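Chemist: I need the structure of the sequence given here:
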Amino acid sequence: MERRVNRLLLAGTGSGCGKTTAVCAVLQALVNRGLDVGAFKCGPDYIDPMFHSRVIGAKSANLDGFFFSPNTLRHLLAKNGGGRDVSVIEGAMGFYDGAGLASTRASAWETARSTDTPVVLVVPARGAALSVLAVIQGFLDFQGDSGVRGVLLNRCAASTYRALAGAIRERFGGRAEPVGFLPELPACTLESRHLGLVTAGEVEGLREKLDILARQAEETVELDRLLELAASAPPVAWEPVVLPRLEPVRIAVARDRAFCFYYEDSLEALAEMGAELVPFSPLEDAALPAHVQGLYLGGGYPELYARQLSGNGSMRRSVRAALEGGLPCIAECGGFMYLTEGIGEADMAGVLPGRCFDAGRLTRFGYVTLRAKKDSLLCRAGETIRGHEFHHWDARCPGGDFWAEKPSGRGWDCAVATDRLYAGYPHFHFYANPASAARFYETCVKEKHRYD
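Modeler: Numbering: from 1, shown residues only. The predicted structure is shown next:
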């Protein structure tokens, strides 16, 4: 299949260069023009897509070269970007940074290459002058065809940009052109937390910040040229990723301030198979939704809301009773923590033994391939699932029914798995593991007919 998708990837020289701010500025400015805008994030990040979604009023999808084959990348790009006026893809870390310290695998560069997407490089210019051109040249020449077609200078004064833009044109000719700049905007700073930025729903005055960014982008970013670059991208060609269509089931999905880390395409995979996804709040609701045949407890920040989660004893009892009764359940990272005996001193659902504690640093983080030690809810013994870990809290009993192995070869035991439960720190994406999606869904169907 083939589809026209006007698209552009904004990549960075490294984490902290301001690419999320730049992407939000461009997205909001394009939305303000009345365009139908799509948004994507390279890699496994949950938080940046929340900011994208606040801007465009629709979901932002992940494009991850470790999770997905090149064909699946293109399928998801066409699925979510087709029919829109333009789609903006945000890179991850530095442009060439991938799965491992010395690999471009799963990097923004690899995603741009796999999808034939033109790239604009976001380069911080504060405290530098002509040295900015050395940075640009390094990124242009590091790989054969970098795909970089434009340069956006961030934290740059107007006078500095005028001088550097001329130097960029003179030195690089048509290879990469200057497409504008963003100055220092202290009022638009986005706060950080141990898993990345503070989530979009927690940023005070986010709408005002986005409006300031959009007005600035209209003044100092060549938005028309960005649209021309996006329109120059060739059509996306792919083979459809086909999911089975099964009989309807109802799956409860925890969605509130404590549980907000989900890959939207992964949830949509369940919906495409026939599921009704029923949102509920472990913070606010008294019990699980009625008449559900499955439960999905995603990740998030339950440690920040541990006292409130603990105080909602009726919900904790409802979850424990449901799982003890055999309700199929996926619990990733924060969801796994909620099923343990407690988070710090706060009591949780108590489905699993042990308590969780603050490790004070990132623990067992990065891409992993999970190999099942036995048959269970998501896969058979010996089968693998691609996933990702990123957490500061750890568990006394993290489970041992899977072996998790990083691309470097380092590995560890993880996760609790039965025929009705997956609970562990690793997150995964159903479009990377469609057989696991089908296996979970089929178990929900069995639950639906258990008492027929």
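
Chemist: from here on, contacts and neighbour counts on C-alpha atoms
Modeler: OK.

Chemist: Where does I212 fall, secondary structure wise?
Modeler: helix 206-220 (DSSP states H and E).

Chemist: Report the distance from that helix to the chain centre.
Modeler: Helix 206-220 sits 24 Å away from the centroid of its parent chain (Cα atoms, centre = their mean, to the nearest Å).

Chemist: Show me which positions of it end up buried.
Modeler: L206, K209, L210, D211, I212, L213, A214, R215, Q216, A217, E218, T220 (16 or more other Cα atoms under 10 Å).

Chemist: Now tabulate those residues in a markdown table and tack on pLDDT and distance to G300.
Modeler: Output for the buried residues of helix 206-220, formatted as a markdown table (pLDDT from 0 to 100; distance: Cα to Cα, whole Å):
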| residue | pLDDT | distance to G300 |
| --- | --- | --- |
| L206 | 81 | 20 |
| K209 | 87 | 24 |
| L210 | 90 | 24 |
| D211 | 91 | 27 |
| I212 | 92 | 28 |
| L213 | 93 | 27 |
| A214 | 95 | 29 |
| R215 | 95 | 32 |
| Q216 | 96 | 32 |
| A217 | 97 | 31 |
| E218 | 97 | 34 |
| T220 | 97 | 36 |
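
Chemist: Could you provide the residues you listed in CSV, with additional columns for distance to T21?
Modeler: Formatted as CSV, those follow (distance: Cα to Cα, whole Å):
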residue, distance to T21
L206, 12
K209, 10
L210, 9
D211, 12
I212, 11
L213, 8
A214, 10
R215, 13
Q216, 11
A217, 11
E218, 14
T220, 14
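
Chemist: Which member of the residues you listed is positioned nearest W109?
Modeler: Proximity of the buried residues of helix 206-220 to W109 (Cα to Cα) peaks at A217, which lies at 24.5 Å.

Chemist: Wait, that closest one touches L27, no?
Modeler: No. Applying Cα atoms under 8 Å, one finds A217 not in contact with L27, separated by 9.5 Å.

Chemist: Can you get me a residue count around the residue lying closest to Y46 once chain neighbours are set aside?
Modeler: Spatial nearest neighbour of Y46, excluding adjacent residues (Cα to Cα, 6 or more residues apart in numbering): F261 at 5.6 Å. Neighbour count of F261, defined by other Cα atoms under 10 Å: 26.

Chemist: And F40, by the same measure?
Modeler: F40 has 26 nearby residues by other Cα under 10 Å.

Chemist: hmm, back to that, for the residue nearest to Y46, give its distance to Y301.
Modeler: 9 Å (Cα to Cα, to the nearest Å).

Chemist: Got phi/psi on L229?
Modeler: Torsion angles at L229 (phi, psi; degrees, to the nearest 10) stand at phi -60, psi -40.

Chemist: Begin at 46 from now on, thanks
Modeler: In the new numbering, first residue 46, that becomes L274.

Chemist: quick one: it and D420, what's the gap?
Modeler: Between L274 and D420 the computed distance is 49 Å (Cα to Cα).

Chemist: neighbour-wise, which of those two wins?
Modeler: L274 (19 against 15).

Chemist: That one reaches L55, doesn't it?
Modeler: No. Using Cα under 8 Å, L274 is not in contact with L55; the gap is 11.6 Å.

Chemist: Tell me who's in contact with T408.
Modeler: F435, H436, H437, W438, D439 (Cα atoms under 8 Å, 6 or more residues apart in numbering).

Chemist: Excluding chain neighbours, what is closest to G345?
Modeler: Nearest one to G345, counting by Cα to Cα, 6+ apart, is F304 at 4.4 Å.

Chemist: If anything else comes up later, I'll come back, but that's it for now.
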